[in-house]
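[1] Test case, fold it:
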Amino acid sequence: MTEKAVVIYSGGMDSFTILNKAYKEGYELYALTFDYGQKHSKEIAYATRVCEELGISHRIIDITAINQLLQSSSLTSSIEIPEGHYADDNMKSTMVPNRNMILLSLAIGYAIDIGASKVFYGAHSGDHAIYPDCRPEFVHAMNDVARIANYEPVEIVTPYLSGDKITILKDGLAMGLDYGKSWTCYNGRDKACGKCGSCVERLEAFELNNAVDPLEYES
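    Residues are numbered from 1 along each chain as shown. Presented below is the predicted three-dimensional model:
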């Protein structure tokens, strides 16, 4: 019997790579995309199309009610989204309080419900400095909790925990992935802004991999 696995799939570059990696490894995949009240739903539309193309079970979960508790983030409130590199201190405003713990908890519950043994998500070393819930100590602690919180143990799998966006893209390009099928920009306009931290990091990864991003940019 094929092993079942849940993938937390935002539609962004990192989770797009992980979804395809797990798909190619032969897992029976169940993708979860969360609408938690982020400023736009463009990533969700990208995620939907990819799952339809691959024939992967895909559920979009509306948890927008939590948005009223998470107004300190520029991704979920009227606070202006900062521009620049993730290394810049102003990028801390893009931290959504406790987001990954919330999403992982829901994904683990779903995995148990459908008999899946693993939950994949896209934490990587490039996010360690700014996002505490992408750091190894958080992932290891959540894995410990996942093993004891229910009768059925579930493993949290983070293939790129010790790698960065450059590593992720290198792996994806080696798999022949089309990154025009992913959306990374924090803004949901027709073209990617090219200025937010997510765009800057993505463009940097393409440059360092000697590749051209297929997405169109405003600048």
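[2] Quick check: phi and psi on Cys134?
    Backbone torsions for Cys134, taken as degrees, to the nearest 10, come to phi -120, psi 0.
[3] That one: how many residues sit nearby?
    For Cys134, the count of nearby residues is 22 (other CB atoms under 10 Å). (Each C-beta comes from the backbone N, C-alpha and C, glycine too.)
[4] next one: the one 10 residues further on
    Asp144 sits with 11 neighbouring residues when counted by other CB under 10 Å.
[5] i'd like the first residue to be 840 from this point on
    Sure, I'll start counting at 840 from here, so that last one is Asp983.
[6] chain center to the helix or strand that contains it: distance?
    Assessed by DSSP states H and E, Asp983 sits inside helix 975-987. Helix 975-987 sits 18 Å away from the centroid of its parent chain (CA atoms, centre = their mean, to the nearest Å).
[7] Which neighbouring elements make contact with the longest helix anywhere in the chain?
    The longest helix of the chain (DSSP state H) is helix 938-953. On a contact count with 3 or more CB pairs under 8 Å, 6 or more residues apart in numbering; DSSP states H and E, helix 938-953 meets strand 843-847, strand 867-874, strand 957-959, helix 975-987.
[8] mind listing what's buried in the second one?
    Taking 16 or more other CB atoms under 10 Å as the basis for neighbour counts, the residues of strand 867-874 that come out buried are Glu867, Leu868, Tyr869, Ala870, Leu871, Thr872, Phe873.
[9] Show me what that strand is in contact with.
    For strand 867-874, contacts defined as CB atoms under 8 Å, 6 or more residues apart in numbering pick out 841-850, 858, 861-862, 880, 882-883, 886-887, 890, 895-903, 942, 945-946, 949-950, 953, 955.
[10] and the angle from that strand to strand 843-847?
    20 degrees (axes from the mean of the first three to the mean of the last three CA atoms, to 10 degrees).
[11] Direction included, what does strand 867-874 pair against?
    strand 843-847 (parallel), strand 896-901 (parallel) (DSSP bridges).
[12] CA atoms of the shortest one as CSV?
    Written as CSV, here are the backbone C-alpha positions of strand 843-847 (Å, rounded to 0.1, in the frame of the first residue of the first chain):
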residue,chain,number,x,y,z
LYS,A,843,0.0,8.6,2.6
ALA,A,844,1.4,12.0,3.4
VAL,A,845,0.0,15.5,4.0
VAL,A,846,1.7,18.5,2.5
ILE,A,847,1.2,22.0,3.8
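[13] So what's the gap between it and the chain middle?
    13 Å.
[14] Ok, stretch 981-989 next?
    Counting by CA atoms, centre = their mean, stretch 981-989 comes out at 21 Å from the chain centroid.
[15] what is the mean pLDDT for that stretch?
    Stretch 981-989 carries an average pLDDT of 92.
[16] what comes into contact with that stretch?
    With CB under 8 Å, 6+ apart, stretch 981-989 has contacts from Met940, Leu943, Ile947, Ile951, Val958, Pro992, Val993, Glu994, Ile995.
[17] Just the buried subset of the contacts of strand 867-874, please.
    Counted by 16+ other CB under 10 Å, the contacts of strand 867-874 give 843-850, 858, 861-862, 882-883, 886-887, 890, 895, 897, 899, 942, 945-946, 949-950, 955 as buried.
[18] circling back to that earlier point, which one of the strands paired with strand 867-874 lies closest to Ser1021?
    strand 843-847 (13.6 Å; CB to CB).
[19] And the next helix or strand past that closest one?
    Following strand 843-847 toward the C-terminus (DSSP H and E): helix 852-863.
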